[in-house]
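Engineer: here's a sequence, model it:
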Amino acid sequence: MRTIILRRARAQWPLLAAVLTVVTIGATLLGVCALLVTRTSDRALEVAASRAVPADTGVTAYTVTMARGDVASVDADSRSVLREAVAPFGSVMAGRMSTEMRHLERGDDKTPSLAYFSGVEDLTDRATLLTGRWPRPGAGEVVLLDRTAKALGARPGTRVRLGRELARDPAPGLTVSVVGVVQARSGGGWNRDPLEGAGYVPDYRGSPLPTAQVFGPFLADYRDLLAGGSAVSRLEITARPDLSASSPRDLDRLSTGVRDANGRLSAVLGERVQIERIASRLPSVLADTARQQRITSSAVLAVAVLGAVLTAAALRLAGRLTADVRADESALLSAAGTSRVQLAGLAAAENGLLALLAVAVALPLSSLAHAALTSLAPFTDAGLTATPAVTGPQLLAVAAGAALLFLPTPARSGLARSGADLALVALATGAWFSARSEGADARVDVVRVLVPALVLAAGCVIALRLAPPVLRAADRWTSRARGLALPLAMSEAARRPRAIAAGLLVALGCAAATFAVAFDATWHRSQLDQANLAVGSDMVLTLGAPAYAGQGAEVSRTTGGQARPATDRNVSIGQWLGGSDAPPRLVAVRGPAAAPGVPIARSTVLTLTGRATGEDPLSVTPQLILEDDTGLRIPCTGAAIPLDGRPHRLPDCVPIDGMRLIAVMLPVVYNEFAYDTVKTSKITVDLSVPAGDGWTASSAQPYSGQLTDLAVTANGASMRMSAEVALGGPPDAARRLVATSFADPGPIPVTVSERLASQLSVGPGDELQVMAGLAAIRVTVTDVTTTIPGAPGAAAISADLDTLSRSLLVHGEPQFPIDAWWVTGAADAAPAAALHLGDIRTRTGEAARLTTGPVPAALPGSLRMLVPAAILLLLAGLILHVTCDLQARAIEVARLRGLGLTRRDIRTTLLGQHTIVLLPLLLAGAVVGAAATWLVSPLLVRSETGGVPVPAVAPVWPWPAESALLALLLTATALAVASVVVVQSRRADAAHLRVAS
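Structural biologist: The predicted structure is shown next:
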């Protein structure tokens with residue numbers, strides 16, 4: 001047997017080399033795909049984890065309400081639980097705490113005043129020192145936020161007396177020294193401060209008192225508060241694990257540890273705290289990354305399956321051609337007494353040797369190809385460059401590709417006669433419908449993996465079934481043509497079944513290549529669409545600290561775009577808090593509406609004069625709402641002012657030019673509100689600005705009926721606001737006089753997403769009630785859209801921020817609901833990052849993350865491998881087919897030479913025959929590739945969460961790239977056929993004729 005194999009290999013080495021080439025190409029593609037799914041995919045998880053932003057990797061232990069003596073032990077035990085949770089990674093920990101409220105002694109101030117201490121372990125990283133110095137441990141020193149210092153009139157050197165705590169076991173009063181004034185930095189976590197970094201709130205409702213003015217925080221050294229001088233109302237410790245060096249196993253352990261940490265914290269702390277919990281986005285971020293990894297792996301496996309089908313088609317052709325070439329040889333061996341078992345063993349041994357050679361070549365070749373592929377974009381941008389290496393899964397994939405040699409060769413009757421083509425079409429149709437009907441799934445879905453190969457193969461077999469009738473019709477049409485070359489070529493193409501033996505490989509190779517190019521373009525287009533919709537504007541700068549006047553102009557100047565204030569936050573709609581997955585979202589952007597109000601020059605000195613009837617002493621804490629040129633509205637709150645008929649100067653509220661006063665709020669303060677009294681007091685307040693036209697007065701909720709006879713009038717150069725105040729009734733009534741430069745806008749027109757409309761069963765014309773802050777705002781649905789920009793796929797509401805803010809002001813909410821700046825006309829995040837205002841997202845950056853990030857990078861890489869592999873398999877099979885065809889027809893060619901045809905005529909006839917078959921097959925393959933793009937691409941493209949992308953996938957057929965590919969295929973196949981025809985036709989001489997005779 002060995003002698004037969006060696007002699008046959010020596011005689012038929014071109015045929016065996018072609019078969020080996022086909023197997024090697026297919027096995028190499030499978031090996032590269034295996035490396036992408038395993039080695040590159042695992043590395044992508046590690047890189048994605050190391051690139052995660054701190055907000056996604058922090059693990060925070062929250063504890064609420066602990067006695068003075070338990071603070072240090074709670075802090076230590078919480079850190080121990082966190083260290084165990086983030087194992088095996090090292091971490092950096094930082095704590096912050098706020099104490100219980102204390103009375104703040106402010107002379108003869110009639111309004112209850114409270115204050116509290118806070119300790120921030122990394123304070124120097126979260127605040128900027130404006131004046132003075134940082135506090136020293138153990139010295140009774142504090143620093144104040146600039147807003148707190150301004151409200152208190154404090155500066156470095158000021159001593160402040162704090163009274164007893166408002167707690168069960170109150171700590172005694174103490175005096176602290178102010179040694180510095182600081183400014184909160186964006187992203188410093190000040191939103192978790194009891195006053196959210198505001199520094200001063202005139203009517204704080206979260207204190208033990210019904211209503212009080214609260215100053216704080218008084219920022220002391222963290223270690224001083226650990227010593228137990230004060231009871232702590234809230235303590236949080238954040239651990240940030242170092243994920244720069246990780247592995248999938250370590251990340252799984254980390255995710256499990258963080259999820260289980262909540263129970264451990266509860267068991268360890270016991271009764272020392274009132275509330276405890278562990279909060280972290282890390283497990284969900286890691287889960288989302290793993291889900292995206294599986295989505296990418298599923299698409300890469302689909303590419304691998306398509307490559308395997310192409311290889312199988314090429315080997316099917318090679319098997320048939322080999323059987324034809326060896327038909328006489330097999331008959332001779334059978335006549336010599338060789339049994340079928342021996343012939344099968346001989347074929348198996350030969351295939352085994354070829355498979356081993358293919359593995360030996362494809363294994364290092366796939367490693368080199370993978371390394372070369374990862375040295376190109378997007379792998380380089382994603383940090384996934386790899387060196388050549390051999391892995392177990394790669395070896396298995398290469399061996400599986402080589403094992404395709406052992407696939408049985410079908411009978412000459414072909415697919416069409418056996419009916420297998422119809423079965424394949426039915427199978428592809430069923431798989432396509434199954435993939436369409438499935439819900440959003442992030443698993444490696446076998447159906448979606450197989451659909452591309454099944455649809456392309458089914459389309460190509462349909463094209464093959466249509467090819468013979470078309471060729472026969474063309475043969476009848478060309479039979480009347482003059483000359484011999486064209487009719488003979490067409491006759492050979494139409495009447496010889498062997499003429500289209502390579503048809504499946506040619507059509508499938510062209511279909512796979514064109515589909516890969518179109519799918520790559522469709523995938524990139526979908527990622528860009530998702531990025532554009534997710535970000536909502538060219539740039540979104542999410543604020544990490546309260547906005548200040550002139551900030552929008554500063555952002556516009558720095559970025560070169562146009563900044564507009566926007567809100568993007570979770571809300572409740574009536575009693576509905578959303579489904580099980582996410583709460584409803586409110587997205588509102590300031591439109592181009594003209595600013596109302598009264599212009600106020602910079603550093604204008606404002607005074608307020610008030611009077612109240614009756615003997616009861618009343619005061620107000622004025623809040624002025626001012627608006628700058630970008631539409632940002634800033635509240636300016638003054639200290640309590642008694643209504644004693646004397647003018648009182650308000651704090652400096654106008655830091656920049658171009659501000660306009662649009663609203664004034666006057667909360668009435670009285671220490672003896674009683675539910676059963678019937679006393680009233682008429683108040684009149686004059687503000688030293690002209691009233692202008694269009695000002696209206698209202699009473700804020702709750703219990704707006706406590707203020708009556710409301711009016712806003714002009715009093716010379718002043719604005720006069722008046723109301724009748726009921727001193728009885730509910731003590732927690734707002735009793736807030738609101739004067740606005742506009743009327744109540746009424747129900748706000750909004751657009752809702754289809755998801756929200758479906759979940760609430762609402763449509764245009766329906767009214768809803770949205771809780772924005774502490775105010776219940778009525779909205780009217782004017783339109784239902786597929787999704788809301790900035791909240792893709794969410795149950796969301798879109799509104800105009802100016803109208804929303806006006807409604808909030810009328811309802812007595814002074815805070816402008818700004819969460820971010822939406823900037824148009826800006827794409828570079830670097831200038832905006834220099835402002836240190838908060839997190840920045842750009843459409844270009846989000847698109848780059850979705851297309852060139854570490855996890856999705858393997859998909860475009862595999863598609864780039866599929867195109868050359870398909871072309872090479874097509875050319876290898878085509879050359880093999882033409883060579884074997886011409887060798888089998890050598891005697892026929894020699895006879896034509898004997899009849900007087902020149903070599904040129906013969907070459908023209910042979911080239912025309914193969915061209916006549918090739919051209920329609922390539923065009924049919926392109927049509928099948930285009931059809932598969934429209935049918936299959938929307939099923940394969942998933943969002944990063946595994947769901948259906950929002951917006952829906954729009955299939956793309958890139959005409960320039962596809963035209964270039966088709967031109968390349970036509971040119972390459974024509975050159976390959978012409979070369980083989982020229983070489984083989986020269987061998988067709990009289991010697992063949994003498995041998996045949």
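Engineer: residue 647: neighbour count?
Structural biologist: Neighbours of residue 647 under the rule other Cβ atoms under 10 Å: 12. Heads up, the C-betas are built off the backbone N, CA and C, glycines and all.
Engineer: which strands or helices does the strand or helix carrying residue 29 pack on?
Structural biologist: With elements delineated by DSSP states H and E, residue 29 resides in helix 13-35, which encompasses its position. Of the remaining helices and strands, those touching helix 13-35 by 3 or more Cβ pairs under 8 Å, 6 or more residues apart in numbering; DSSP states H and E are helix 282-325, helix 340-374, helix 392-402, helix 858-888.
Engineer: how far does that helix sit from the chain's center?
Structural biologist: Taking Cα atoms, centre = their mean, to the nearest Å, one finds the center of helix 13-35 at 38 Å from the center of the full chain.
Engineer: in that helix, what's buried?
Structural biologist: Buried residues in helix 13-35, defined by neighbour count with 16 or more other Cβ atoms under 10 Å: 15-16, 18-35.
Engineer: picking up where we left off before, dump the helices and strands packed on helix 13-35 into TSV; add mean neighbour count, distance to residue 622 and mean pLDDT as well.
Structural biologist: As requested, the helices and strands packed on helix 13-35 are arranged in TSV below (neighbours: other Cβ atoms under 10 Å; distance: least, Cβ to Cβ, whole Å; pLDDT from 0 to 100):
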stretch	mean neighbour count	distance to residue 622	mean pLDDT
helix 282-325	22	45	85
helix 340-374	17	64	82
helix 392-402	21	71	91
helix 858-888	23	60	84
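Engineer: and the residue nearest to residue 928 when sequence neighbours are not counted, helix, strand or coil?
Structural biologist: Leaving aside its chain neighbours, residue 928 sits nearest to residue 459 (3.5 Å; criterion: Cβ to Cβ, 6 or more residues apart in numbering). Using DSSP: H, G, I helix; E, B strand; the rest coil, the three-state assignment for residue 459 comes out as helix.
Engineer: swap in residue 266?
Structural biologist: For residue 266, the secondary-structure state derived from three-state DSSP is helix.
Engineer: nearest to residue 434, of the helices and strands packed on helix 13-35?
Structural biologist: Nearest to residue 434, of all these, is helix 282-325, at 14.6 Å by Cβ to Cβ.
Engineer: packing partners of the closest one?
Structural biologist: For helix 282-325, the helices and strands in contact under the criterion 3+ Cβ pairs under 8 Å, 6+ apart are helix 13-35, helix 41-51, helix 54-57, helix 248-269, helix 392-402, helix 446-478, helix 503-535, helix 858-888.
Engineer: at 6 Å instead, please
Structural biologist: Of the remaining helices and strands, those touching helix 282-325 by 3 or more Cβ pairs under 6 Å, 6 or more residues apart in numbering; DSSP states H and E are helix 13-35, helix 41-51, helix 248-269, helix 446-478, helix 503-535, helix 858-888.
Engineer: packing partners for the helix or strand following the third one?
Structural biologist: Which is helix 248-269. Elements were assigned by DSSP H and E; along the chain past helix 248-269, the next helix or strand is strand 275-280. Packing contacts for strand 275-280, counted by 3+ Cβ pairs under 6 Å, 6+ apart, involve strand 59-66, helix 248-269.
Engineer: mind redoing it with 8 Å?
Structural biologist: Using 3+ Cβ pairs under 8 Å, 6+ apart as the test, strand 275-280 ends up in contact with strand 59-66, helix 71-85, helix 248-269.
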